[in-house]
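In: dropping the sequence and predicted coords here.
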Amino acid sequence: MTNPVDDLIIGGEKFSSRLIMGTGGAPSLEILDAALAASGTELTTVAMRRLDPAARGSVLDVLRRRGIKVLPNTAGCFTAGEAVLTARLAREALETDWVKLEVIADERTLLPDPIETFDAAERLVADGFTVLPYIGDDPVLARRLEQAGCAAVMPLGAPIGSGLGIRNPHNIELIVEFANVPVILDAGIGTASDAALAMELGCDAVLLATAVTRAQRPDLMAQAMRSAVLAGRAARMAGRIPRRRYAEASSPSIDRPPAVHR
Amino acid sequence: MNVTINGAAHELPPGATVAQAVRRLTEVRSGVAVAVNDEVVSRGAWDSTALAEADRVEVLTAVQGG
C-alpha cells in the first residue's frame, strides 16, 4: 500500500524509521527503553557530560541493546569552540563522526545561535564530521549550512521542550522547498498532530524527546508519534487536495429527484 | 602534583599519566573521552601522555539528553 522503498538517507546511511528520538527527560532508563522500543526509532541523541562514578546503568547500553545508532549532541554549548571540542570528545568516546550540532544563545529560550552554529559547522565539516545542525526556522541559514557541507538541517518548530508545535509552517515549507539534504523538524513537538504536520509540510524526519519522555505514558506517546510520522509521510506522498473557499459536493449533482417545496 | 579532574582537585604522583587520572573516576575505558586543557587526548595515548602541574582534565561520557 505504502511506497515500499521509502528510506531516509542521511550522509549515505539508510534508515527505515523517520522518527529520531532524544533521550533527555525520561524518569528512568527502563521507561526510556520502553519508549524507544515503542517509537521504532533507529537514531537517537545523547549528550556528553562529566563522568559520574556513582551513576548506575548507561543510556549507551540501552541504545546498544536495541541496535539504535547513537547521535551525540553538543547541547549546553554556547560557543563554536565549545561545540567543536564536545563533538571531538563524542567522536572519541562513541566512535562516531556524526554530531547533532547545537549551539544555544541563552538559557531562557535555548534558541540556537546562528553565527556560532555556522562557524562550528564549517570547522566540523572540515574535520570530517557528519554534521546535523539545529537551527531556527530560517530558510537562508538552512541553505548556507547545506552549502557548507552539512548532511542535514534541523530547523525548530518552537523552542526546546515548549511543546508549542510548529509556529511558522510557511518557513518550514520554504526550507523543504530549497533543501537538497534531509530536513529534520527538531524541537517544539508537543503531540502527535505536530509530528504529522511536520511530515505533511515535507520534512524528511522528526526529532523529538520531551513530548515523549515527559508524557504521562511515554511508551504510548512514543507509539502515537511513530504512527503520526508514518501518517504524515504517507499524506505528503499521496498529495493533499487544494484548499477551497466553498464546498465541493462529493455526491453526484445529476439525477436528483425533483425538489419538494412543502 | 596537583591537577583538576572534572573540576575537583586531585593530587597525583609526579609524571602521572592521563590513564592514571581517568582511573581516579572509573576503570571503564570504552564510552569515555578525555580532554586535557581543552585538547582531546585519544584513548590510545592515555598511557603515554604525562600530565603537568595544574592541568585541567575533563573525563566525559554519554548521558541522557537531547
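Out: Alright, I've got the coordinates. Numbers count the residues shown, from 1 in each chain, chains lettered A, B, ... in the order given.
In: longest single strand anywhere in chain B?
Out: Criterion DSSP state E: the longest strand present in chain B is strand B:56-64.
In: tell me the mean pLDDT for it?
Out: In this model, strand B:56-64 has a mean pLDDT of 95.
In: pairing partners for it, with directions?
Out: strand A:43-50 (antiparallel), strand B:2-5 (parallel), strand B:32-36 (antiparallel) (DSSP bridges).
In: what's the most buried one of those strands?
Out: Most buried of the strands paired with strand B:56-64 by mean neighbour count (mean count of other CB atoms under 10 Å in any protein chain shown) is strand A:43-50; its value is a mean of 23. The C-beta positions use only the backbone N, C-alpha and C, and glycine is treated the same way.
In: export it to CSV, keeping only CA atoms.
Out: C-alpha atoms of strand A:43-50 as CSV (Å, rounded to 0.1, in the frame of the first residue of the first chain):
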residue,chain,number,x,y,z
LEU,A,43,18.7,7.0,15.5
THR,A,44,18.8,8.6,19.0
THR,A,45,20.6,11.5,20.6
VAL,A,46,22.7,11.6,23.7
ALA,A,47,24.5,14.4,25.5
MET,A,48,28.2,14.5,26.6
ARG,A,49,28.8,15.2,30.3
ARG,A,50,31.4,14.7,33.0
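In: after that strand, next one along is what?
Out: helix A:59-66 (DSSP states H and E).
In: for A:Val183, find the nearest of the strands paired with strand B:56-64.
Out: Within the strands paired with strand B:56-64, the stretch nearest A:Val183 is strand A:43-50; the backing value is 15.0 Å (CB to CB).
In: who in the stretch 51-200 of chain A is up against chain B?
Out: A:51, A:53, A:55, A:58-60, A:70-73, A:75, A:85, A:88-94, A:100, A:102 (CB under 8 Å from any CB of the partner chain).
In: PyMOL command to pick out the buried ones of those residues?
Out: For anyone working in PyMOL, the buried entries among those, judged by 16 or more other CB atoms under 10 Å in any protein chain shown, can be selected with:
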select buried, chain A and resi 51+58+59+60+70+71+72+73+75+85+88+89+90+91+92+93+94+100+102
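In: report how many residues lie close to A:Gly161.
Out: A count of nearby residues for A:Gly161, using other CB atoms under 10 Å in any protein chain shown, gives 17.
In: A:Leu132 versus the residue lying closest to it once chain neighbours are set aside, what's the distance?
Out: Spatially, and ignoring its direct neighbours in sequence, A:Gly161 is nearest to A:Thr210 (4.5 Å; CB to CB, 6 or more residues apart in numbering or on different chains). Going from A:Thr210 to A:Leu132 by CB to CB, to the nearest Å gives 19 Å.
In: name the nearest residue to the residue of chain B found nearest chain A, sequence neighbours excluded.
Out: The minimum distance from chain B to chain A, using CB to the nearest CB, falls at B:Gly65 (2.5 Å). Closest residue to B:Gly65 apart from its sequence neighbours, by CB to CB, 6+ apart: A:Ala47 at 2.5 Å.
In: can you pull the phi and psi angles for residue 29?
Out: In the absence of a named chain, this looks at chain A. The phi and psi torsions at A:Leu29 (degrees, to the nearest 10) take the values phi -70, psi -30.
In: sorry, should have said chain B
Out: When read as degrees, to the nearest 10, the backbone of B:Arg29 gives phi -110, psi -30.
In: quick check: pLDDT value at it.
Out: On pLDDT, B:Arg29 comes in at 85.
In: skipping its backbone neighbours, what lies nearest it in space?
Out: Once flanking residues are discounted, B:Arg29 sits nearest to B:Arg43: 6.2 Å by CB to CB, 6+ apart.
In: for that neighbour, which residues are in contact?
Out: The neighbours of B:Arg43, taking CB atoms under 8 Å, 6 or more residues apart in numbering or on different chains as the test, are A:92, B:29, B:32-34.
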